[in-house]
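Asks: sequence plus the predicted model coming up.
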Amino acid sequence: MAKLVSNYPYVAAVALFGIGIYTILCDSNLVKKIIGTNIMSSAAFLLFVAAGNIRGGIAPIITESSGKYVNPIPAALILTGIVVSLSVNAFALALVVRIYNTYGTIDADFLSSSKGGD
Amino acid sequence: VGHGLTLLALVASVCASVFFTAVTSSGKSIQYAVGGWYAPYGIEILINPLTAIVMLMVSSITLIIFLYRLGDKSAPQHEAAPWYDAIILLLVAAIFGITQANDLFNLFVFIEICSISACALVAASKEGKAAEAAFKYLMLCTIGSGFVLFAIGLLYITTGYLSFGMVHATLLETWQTYPHVIYLSAIFFVVGLGIKAALFPLHVWLPDAHSAAPTTSSALLSGITVKAYLIALFKLLYLVYGPILLNELAVGKVLLFLGVAGVIFGSLFALVQAEAKRMLAYSTVAQLGYIFVGLGLGNAAGITAAVFQIISHAAMKATLFLVAGYFSSKGQKKLADYAGIGKSEPLMFGAFTLAALSMIGLPLLSGFITKWYLFHSAVQHGSYGVVIAIVLSGLLNAAYFLPVLWSGWFGGDRPYSPFRLSLTSLLPFSLCLLVIWLGVAPNTLLRILSVAVGQILRW
C-alpha cells in the first residue's frame, strides 16, 4: 500500500488508461470517444514523464555547479507523442463532421440502428 | 503530372529495395546512424536481409496496385486524386520506416503514420458508410497505439534504453528483477499490435474497413498494411525480447492459440458472407492467423512460414481484391452475381481462380509452401493440434472458394467472350505470376529467408 502511495503517478497513469479505454468502447457519442482517446494517450504520456522526473531536479543544462537534473529524453519523446495524438484528433474530428453530414447524428447507437434499415 | 511523379517515386523505391536486397542477400546488414549520432544518443536505421525482402515486396506490390488505381473509378478522381496518391506514398514511407526502425520510439511514430494513412485510405471512398468504417478503424487503432506506447514506456522505465539491441541486452540481465512489468509490456505489445494486425478476437474492424474502402485501398490494406504491423510485432518479439525471454514469458503460446482460433473462425465467418469483398476480408483474418501461428511456434520453420506467408498473402489477396473490385465496378458485388463470370471475363476470373486455389493451398502455388512449412514446424514443435487445425482450415478455405469458382466457370449462361487484353486485366495477372513463381520456385526467396531467420534466432 505504501508502495502504491509513493508511486502515485503510475497509479494515476493506469487509472487514466482504463478510463480512456472504457470511454472509447462504451460511450456512444463519437466526440466523447475522441475525448476518450485523449485521456488514454495522456495516461501513456504521464507514464513517460513521471519516469523521467526526479524530485528537486533542474533542467538538464549541465554546468560545474549543477546537481540533480531531470532526464530530458521522456519529455522529448512525449512532445512527439503529443503531435501524433493531435493529428489523430484532427483526423477523427474531420471524420465525425463527415459522418454528421451523411447520417445527421453523431451517436454510435443510432448509426448502427439506421444501418440496419437500408 | 501528379500520377507521373507518384509513379516515379514508387519505381524509385522498388529500385532501392532491389539494391538493398542484392546487398543484404548474403546476410550482411546495413546500419546507418542519422546525423552521425550512434545509439543511445541518436537514431539508427538498420536494414537486414529480412527488412530488404519485405521492402521489395511492399514497394513492388504497391507499384502494381497503383497502376490499377489509374483506371479505378472508385478511387478519388480529379482534385482529390493528388491527395490520394500522397496518402499511398505516405503509407509506403511509413511501412519502410517500420521495417527499418531500430529503436522503440521511431517504431511507434511510424506505426502511427501507418495507422493514420490507412484510415485515410478507407475514408477516401465517397460512400457514407466508409466514413463510419474509417472512424471505427481509427478508434481501435488509437487504442492499439495507446497499448504500444504504454508498453514502450514500461520497457523504457525498466531498461533505460530505446534502441532494440540495448534494450535486449539489458532485458536479458534484469528481467528477473521485474518479471511482472516485462510480462505486462509483452502482453501490451501483443494486444496493441494485435488490434492493428487483426489478431483473432480483435479483428472486428477489419471486415467493415476493408470492404467499405475503394478497391485500390482494399488491396493496399489487406495485402500490405496489416503486414507492416506484423513485421513490427515480429521485430519487437524477436529483436527486443529475443527467443530466450519469449520462451520464459510464454507469449508464443498466446499467439499460437489465438492464431489457430483466427484461422478457424475467420474461415467460418467467410463461409457465410454474401458480398465478395466481405468474404475476402474475413479470409484475410484467417490467412493472417497462419502468420501468428508461425510466429507462435517460434522455430526456424515456423518463422520462415510466417515471413513467407507475409509475402505470398500480399500477392494473393491483392489479386483477389483487385479482381473483386473490378467486378464490383461492373455492378457485380455479390458472390451470387459471379455465376458464369468466367465466360465473359476469362482473364480476370482466371487470376481470381489462381489466387483462390493458392489460398486453399494447392501444390505449385505459393499458399502451399506456407502450409508445408507450418506442418513441418508444428510437427517439430510437437503440437499436433495445430496440424489438425491447418488441415481443417484448408478444407474450410476450399468450402468457401470452390463453389464461387465452380459457378464462375460453369454456372450461369453468359456469352463467351474472347480474351480482351487491357492494362486493368493484366495487372491482377502479373500478381498471379508472382504467386505461381513463389509456388514453383520458392528456393530463391527461401534461401534469403533462411539467412535472415538464422540471424534472428542466433541473436
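Replies: Received it, and whenever you're ready, just let me know what you need. All figures in this text were calculated on a predicted structure; none of them were measured in a lab. Numbers count the residues shown, from 1 in each chain, chains lettered A, B, ... in the order given.
Asks: going forward, measure contacts between C-alpha atoms and count neighbours the same way
Replies: Will do.
Asks: near chain B, which residues of chain A? Just list them.
Replies: A:21, A:24, A:33-34, A:37, A:40-41, A:44, A:47-48, A:51, A:77, A:81, A:84, A:88, A:91-92, A:95-96, A:98-99, A:102-103 (CA under 8 Å from any CA of the partner chain).
Asks: pLDDT below threshold where in the chain?
Replies: No chain was given, so I picked chain A. A:66, A:112-118 (pLDDT under 70).
Asks: I was after chain B.
Replies: B:1, B:418-420, B:458-459.
Asks: same thing but at 80, please
Replies: Along chain B, segments meeting pLDDT under 80 span B:1-2, B:27, B:38-42, B:71-75, B:77-79, B:127-128, B:412-425, B:456-459.
Asks: what's the longest helix in it?
Replies: Selection of the longest helix in chain B by residue count, based on DSSP state H, yields helix B:128-159.
Asks: close to chain A, is it?
Replies: Yes. Using CA under 8 Å from any CA, helix B:128-159 comes into contact with chain A via B:128, B:131-132, B:134-135, B:138-139, B:142-143, B:146, B:149-150, B:153, B:157.
Asks: what residues does stretch B:296-310 touch?
Replies: The set of residues external to stretch B:296-310 that reach it, using CA atoms under 8 Å, 6 or more residues apart in numbering or on different chains, is B:227, B:243, B:251-256, B:259, B:290-295, B:367, B:369-371, B:373-374, B:376-378, B:381, B:446, B:449-450, B:453-454, B:457.
Asks: out of those residues, which are buried?
Replies: Those of the contacts of stretch B:296-310 that meet the buried threshold are B:227, B:243, B:251-253, B:255-256, B:259, B:290-295, B:367, B:369-371, B:373-374, B:376-378, B:446, B:449-450, B:453, B:457, by 16 or more other CA atoms under 10 Å in any protein chain shown.
Asks: which residues touch whichever residue of chain B sits closest to chain A?
Replies: Using CA to the nearest CA, the closest approach of chain B to chain A is made by residue B:150 at 5.1 Å. With contact set as CA under 8 Å, 6+ apart, residue B:150 has these partners: A:44, A:47, B:185, B:188.
Asks: between those, which has the most around it?
Replies: residue A:44 (28 neighbours; other CA atoms under 10 Å in any protein chain shown).
Asks: what sits closest to it if chain neighbours are left out?
Replies: Distance criterion CA to CA, 6 or more residues apart in numbering or on different chains; nearest residue to residue A:44, sequence neighbours excluded, is residue B:150 at 5.1 Å.
Asks: same check on residue B:451?
Replies: Per CA to CA, 6+ apart, closest to residue B:451 is residue B:27, 5.8 Å.
Asks: residue A:17 touches residue A:44, doesn't it?
Replies: Yes. Using CA atoms under 8 Å, residue A:17 makes contact with residue A:44 at a distance of 7.3 Å.
Asks: give me the spatial nearest neighbour of residue A:9, chain neighbours excluded.
Replies: Going by CA to CA, 6+ apart, residue A:9 has residue A:50 as its nearest residue, at 6.2 Å.
Asks: brain fart, residue B:58
Replies: Residue B:58's closest residue in space is residue B:224 (CA to CA, 6+ apart), at 6.4 Å.
Asks: kindly report the same for residue B:257.
Replies: Per CA to CA, 6+ apart, closest to residue B:257 is residue B:293, 7.7 Å.
Asks: so who does residue 57 touch?
Replies: If you meant another chain, say so; for now it's chain A. A:67, A:68, A:69, A:70.
Asks: please refer instead to chain B.
Replies: Contacts of residue B:57 (CA under 8 Å, 6+ apart): residue B:311.
Asks: at 10 Å instead, please
Replies: If you count contacts by CA atoms under 10 Å, 6 or more residues apart in numbering or on different chains, residue B:57 has them with B:14, B:17, B:18, B:51, B:63, B:224, B:310, B:311, B:312, B:314, B:315.
Asks: okay, those residues in a markdown table with distance to residue B:429 and neighbour count next?
Replies: Shown next, in a markdown table, are the contacts of residue B:57 (distance: CA to CA, whole Å; neighbours: other CA atoms under 10 Å in any protein chain shown):
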| residue | distance to residue B:429 | neighbour count |
| --- | --- | --- |
| B:14 | 19 | 21 |
| B:17 | 22 | 23 |
| B:18 | 22 | 19 |
| B:51 | 26 | 24 |
| B:63 | 14 | 20 |
| B:224 | 18 | 27 |
| B:310 | 19 | 25 |
| B:311 | 17 | 25 |
| B:312 | 14 | 29 |
| B:314 | 14 | 27 |
| B:315 | 10 | 28 |
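Asks: restricted to helices, list these.
Replies: Using DSSP H, these in helices are B:14, B:17, B:18, B:51, B:63, B:310, B:311, B:312, B:314, B:315.
Asks: centre-most residue in chain A?
Replies: What sits nearest the mean C-alpha location of chain A, by CA atoms, centre = their mean, is residue A:41, with 2.1 Å.
Asks: does residue B:414 sit in a helix, a strand or a coil?
Replies: Per DSSP: H, G, I helix; E, B strand; the rest coil, the local secondary structure of residue B:414 is coil.
Asks: please report the distance of it from residue B:337.
Replies: In this view, residue B:414 and residue B:337 are 12 Å apart by CA to CA, to the nearest Å.
Asks: looking at the two, which is more packed in?
Replies: residue B:337 (19 against 12).
Asks: ok, that one touching residue B:331?
Replies: Yes. The pair residue B:337 / residue B:331 is scored as a contact, 8.7 Å apart, by CA atoms under 10 Å.
Asks: still on that earlier bit, quick one: contacts for the residue nearest to residue B:58?
Replies: B:54, B:57-59, B:61-62, B:91-92, B:95, B:218, B:310-311, B:313-315, B:317-318.
Asks: hmm, which of these are the buried ones?
Replies: B:54, B:57-59, B:61-62, B:91-92, B:95, B:218, B:310-311, B:313-315, B:317-318.
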